[in-house]
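[1] please work out how this folds:
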Amino acid sequence: MLVAAAVAPCPPLLVPEVAAGAAPELDAARAACSDAIAVLAAARPDRLVVVGPAEQSGRGPHQQGARGSFRGFGVDLDVRLGQTGPDTATAPERDLPPSLSVAAWLLARAGWAAAPVEGLGVGEPLEPQRCLEVGGELAARADRVALLAMGDASVCRTLKAPGYFDERAAGFDAEAARAIGSADIAALKALDAELAYELKAAGRAPWQVLAGAAEQASLRGELLYEDAPYGVGYLVAAWS
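    I've put the predicted structure just below:
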């Protein structure tokens with residue numbers, strides 16, 4: 001059963017070495033992520049599942065200890081998902097997708113040792129109903145499951161945004177923020193997958209997986225951070 005959850009954005013820019021001179025601009029987002037992860041640890045889960053958007057090669061399960069890298073972003077930095085040790089020595093060397101690499105970095109930064117960790121990369125095309133089913137399956141993995149849903153909102157908030165400006169983006173992001181901040185499962189289920197695709201909101205599928213996991217949990221939400229640096233919507237929340 002799901003006992004706690006957190007939502008975090010997944011831009012590699014959260015990693016200071018990647019952001020370089022722009023790193024201070026996301027200090028507040030990093031601090032909020034740390035606070036959200038602390039809520040997960042405080043729930044004393046038996047297992048933490050990290051769900052994030054992934055391209056084809058990164059989709060599916062990733063075991064604890066799986067390797068991620070930021071070398072593709074020009075930084076000589078590798079990470080591992082969760083605590084490494086004898087139980088992760090045989091973890092397959094399939095690289096984590098960028099979203100789960102960012103999650104691995106956040107967990108390492110927070111000193112995560114509360115529970116074993118597993119990752120799941122989900123594709124943008126995953127239909128809402130299937131997202132909900134996957135979430136329900138994840139919540140049933142252990143008596144006390146925590147879930148970290150990685151994903152950005154729209155990338156179309158300004159003219160200089162990666163997706164250029166789309167007048168629908170602010171409204172979509174506001175509704176996503178409201179739903180996530182209030183743990184409104186029905187609203188998360190109702191997020192428009194086609195609109196999310198058009199706005200390149202990579203968080204849609206992970207958020208709907210979270211909705212499926214939380215269906216029987218009666219958790220309360222708190223929005224810890226909401227902003228759109230570089231024209232991309234970033235949301236951080238904790239559910240407990």
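
[2] list the residues that contact the residue most central in space within the chain.
    Taking C-alpha atoms, centre = their mean as the criterion, residue 150 is the residue nearest the geometric centre of the chain, at 0.8 Å. Taking C-beta atoms under 8 Å, 6 or more residues apart in numbering, we find residue 150 in contact with 8-10, 50-53, 99-100, 102-103, 203, 206. Where C-beta positions appear, they are placed from N, C-alpha and C, glycine not excepted.

[3] pull out the buried positions in stretch 112-124.
    For stretch 112-124, the neighbour count (16 or more other C-beta atoms under 10 Å) marks 112, 114-122 as buried.

[4] strands of the chain, start to end?
    Here the chain has its strands, by DSSP state E, at 2-8, 47-53, 60-62, 67-69, 78-80, 117-122, 145-150, 221-227, 234-239.

[5] quick revisit: pick the one among the contacts of residue 150 closest to residue 156.
    residue 203 (13.6 Å; C-beta to C-beta).

[6] apart from its chain neighbours, what residue comes closest to that closest one?
    residue 151 (2.5 Å; C-beta to C-beta, 6 or more residues apart in numbering).

[7] the one you found contacts residue 209, doesn't it?
    No. Look at residue 151 against residue 209 with C-beta atoms under 8 Å: they stay out of range, at 9.6 Å.

[8] neighbour count: these two, which is higher?
    residue 209 (31 against 26; other C-beta atoms under 10 Å).

[9] how far away is the more buried one from residue 215?
    Here the criterion is C-beta to C-beta, to the nearest Å. By it, residue 209 lies 11 Å from residue 215.

[10] give the residues shared as contacts by those two.
    By C-beta under 8 Å, 6+ apart, the residues touching both residue 209 and residue 215 are 132, 135.

[11] what about stretch 56-68, average pLDDT?
    Averaged across stretch 56-68, pLDDT comes to 95.
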